[in-house]
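Participant: My questions are about this predicted structure, shown below with the sequence.
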Amino acid sequence: MQTKLAKEQLPKIDQHVRNAAQLCQTTDNVPDALRDCIGELERETGEAAAMVTGEENDQRILDCVDHLEELGDRAMQACKQASNLDDQVQKAVQTAHGAISDLKHRLH
């Protein structure tokens, strides 16, 4: 069940994170801390999406999603600390974080 849910949701989460990463790269006045956080989240999410296509066990998937949420929390914190952050960037980060959090709560 967890593997199936993760297989369904991680590609969607990956797309949300990619969108946030693209906005962070193309928008002015995005702090380096946020860019770095989203870049790391983008790498990890891509790896997680690829991982669930294999024969991973449920605990490994849970650990991976927990780690993604920690990275998403850091990105949200970087958004809060940023002054004059573009609304579109902030919404993209919130959407990605929300999707990760939703998956985590559905898996636990």
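Facilitator: Looks like it came in fine.
Participant: where does this structure dip in pLDDT?
Facilitator: Scanning the chain for pLDDT under 70 picks out 1, 54-56.
Participant: give me that answer again for 80
Facilitator: Applying pLDDT under 80 to the chain picks out residues 1-3, 51-58.
Participant: quick one, helices of it?
Facilitator: In order along the chain, the chain carries the following helices (DSSP state H): 2-26, 32-51, 58-81, 87-107.
Participant: Put together CSV for those helices, with mean neighbour count on each row.
Facilitator: All C-beta atoms are positioned from the backbone trio N, CA, C, and that covers glycine. Listed next are the helices of the chain as CSV, based on neighbours: other CB atoms under 10 Å:
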stretch, mean neighbour count
helix 2-26, 18
helix 32-51, 18
helix 58-81, 17
helix 87-107, 18
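Participant: CA atoms only for stretch 59-73 - export them in CSV, please.
Facilitator: Provided in CSV are the C-alpha atoms of stretch 59-73 (Å, rounded to 0.1, in the frame of the first residue of the first chain):
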residue,chain,number,x,y,z
GLN,A,59,10.4,1.5,5.8
ARG,A,60,13.0,2.8,3.3
ILE,A,61,10.2,4.8,1.5
LEU,A,62,9.0,6.2,4.8
ASP,A,63,12.5,7.3,5.7
CYS,A,64,12.9,8.9,2.4
VAL,A,65,9.6,10.8,2.6
ASP,A,66,10.5,11.9,6.2
HIS,A,67,13.8,13.3,4.8
LEU,A,68,12.0,15.1,2.0
GLU,A,69,9.7,16.8,4.5
GLU,A,70,12.7,17.9,6.6
LEU,A,71,14.1,19.6,3.4
GLY,A,72,10.7,21.1,2.7
ASP,A,73,10.5,22.5,6.2
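Participant: I'd like the distance from it to the chain centre, please.
Facilitator: Centre-to-centre, stretch 59-73 and its host chain are 9 Å apart (CA atoms, centre = their mean, to the nearest Å).
Participant: Go ahead and name everything in contact with it.
Facilitator: The contact list for stretch 59-73, computed with CB atoms under 8 Å, 6 or more residues apart in numbering, reads 2-3, 6, 13, 37, 40-41, 44-45, 48, 51-52, 96-97, 100-101, 103-104, 107-108.
Participant: Done for today, thanks.
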